[in-house]
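*Asks:* Pasting the sequence and the predicted model now:
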Amino acid sequence: MKTTKVSFQINNENVTLEVRPYETLLETLRERLVLTGAKEACGMGACGACTVIVNGIPLRSCLVLTPEVEGADITTIEGLRQNGNLHPLQEAFMEKGAVQCGFCTSGMIMTAKALLDRNKKPTKKEIVRTISSNICRCTGYKKIVEAVEEAARKTR
Ligand code: FES
Ligand code: FES
């Protein structure tokens, strides 16, 4: 089968891979790099469970073809830990009870991280609007919003 070479940075490490031309970034992350934090739920861009940050922008990795990320800087949920410590968003999600089954959680956190990276003091309305692109079937969203507010307070 024809493959194509692609190089990018992931969680501060350089990688070069031979991938199928139509391989999605989600497949590459989960199956080749064993970064299984990004989840496949809908597989068609609707739920956000597969969200990762590419060049500062939260993208649905099920909709991105891996050859398209040549030269990109990618962060996944696995890259948020610093010196063995969880990211404030990860801590706040646990403290506020914003995780139930956890299937949406890494996508939610990556979407929220991209928001906090560009706006350290988001309003509640901005948080609600931002995470509304991600589907959670368990929590009712209230605790997720509280967790993002809490993390924003801690990271200011
Ligand atoms: S699995 Fe990618 S958006 Fe749902
Ligand atoms: S915690 Fe279960 S889908 Fe969000």
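*Replies:* Received, thanks. Ligands and ions are numbered 1, 2, ... in the order given.
*Asks:* And the contacts of stretch 142-156?
*Replies:* Applying Cβ atoms under 8 Å, 6 or more residues apart in numbering, the contact partners of stretch 142-156 are 87-89, 91-93, 95-98, 108, 112, 115-116, 120-122, 124, 127-128, 131, 136. Yep, even glycine has a C-beta here, placed from its N, CA and C like the rest.
*Asks:* In helices, which of those residues fall?
*Replies:* 88-89, 91-93, 95, 108, 112, 115-116, 124, 127-128, 131 (DSSP state H).
*Asks:* State the distance from Leu29 to Tyr141.
*Replies:* 26 Å (Cβ to Cβ, to the nearest Å).
*Asks:* Quick check: which element contains Phe8?
*Replies:* In this structure, Phe8 sits in strand 4-10 according to DSSP states H and E.
*Asks:* In terms of residue numbering, what are the domains of the protein?
*Replies:* Per automatic domain parsing, the structural domains of the chain span 4-79, 88-155.
*Asks:* Need these in a markdown table (columns: mean pLDDT and mean neighbour count).
*Replies:* Formatted as a markdown table, these follow (pLDDT from 0 to 100; neighbours: other Cβ atoms under 10 Å):
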| stretch | mean pLDDT | mean neighbour count |
| --- | --- | --- |
| domain 4-79 | 98 | 18 |
| domain 88-155 | 97 | 19 |
